[in-house]
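**Student:** no FASTA, just this:
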């Protein structure tokens with residue numbers, strides 16, 4: 001039982017940390033742009049809202065209590081990235097987007113459930129794979145966000161030495177524009193109609 005749980009945990013962790021979950025990683029990159037350890041509370045609330053959203057639909061979809069076409073979900077995931085990046089560029093306060101980030105988490109959770117259901121096949125017990133996979137995703141997500149915030153912190157600390165030639169705000173904007181470009185490409189390539 002422990003071995004099976006660890007298998008699913010590793011699968012969830014691997015999905016986030018290798019390039020299978022690149023669209024999820026891109027969303028977190030854009031979402032956490034500009035945050036350092038000093039702003040731990042708002043990023044913690046944002047990530048928690050996102051986590052609650054995707055955990056909810058991961059469970060609901062895995063138990064077949066909700067069904068939405070994976071074609072639409074794969075299209076909507078890059079749309080969530082674009083909207084988040086636009087908010088970053090426009091300087092919309094992160095605290096005003098908690099509900100929206102929760103909603104985006106719902107969409108991403110549906111994307112995770114498609115992969116999980118495909119991997120599970122005809123598993124008799126759904127609870128163990130679901131728990132392990134979800135915890136693996138969360139661990140990978142925490143590791144990725146900590147890395148991003150560490151990079152942001154390092155850039156913020158170097159701003160004075162660089163005399164404003166490269167600031168955290170410029171880095172955050174660059175991430176947002178990069179996010180829009182990649183997400184636009186993904187959305188167009190995944191058009192469901």
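**Tutor:** Done, it's in. The model shown is predicted, which means the values in this text are computed figures rather than measured ones.
**Student:** Which residues are in contact with the residue nearest in space to the middle of the chain?
**Tutor:** The chain has residue 24 as the residue nearest its centroid, 3.8 Å off, counting by CA atoms, centre = their mean. Contacts were defined as CB atoms under 8 Å, 6 or more residues apart in numbering; by that measure residue 24 touches 16, 77, 108, 111, 141. For the C-beta atoms, the positions are set from N, CA and C on the backbone; glycine is no exception.
**Student:** so where's this structure uncertain?
**Tutor:** Filtered on pLDDT under 70, the chain yields the residue ranges 93-96, 121-124, 160, 162, 164.
**Student:** Tell me if I'm right that residue 33 and residue 171 touch.
**Tutor:** Yes - if you go by CB atoms under 8 Å, residue 33 and residue 171 touch, sitting 7.5 Å apart.
**Student:** Looking only at neighbour counts, state which of the two leads.
**Tutor:** residue 33 (24 against 17; other CB atoms under 10 Å).
**Student:** mind checking the SS state of that one?
**Tutor:** Taken by DSSP: H, G, I helix; E, B strand; the rest coil, the conformation at residue 33 corresponds to coil.
**Student:** What distance do you get for it to residue 127?
**Tutor:** Applying CB to CB, to the nearest Å, the value for residue 33 to residue 127 is 36 Å.
**Student:** for residue 139, same thing?
**Tutor:** Relative to residue 127, and taking CB to CB, residue 139 is found at 18 Å.
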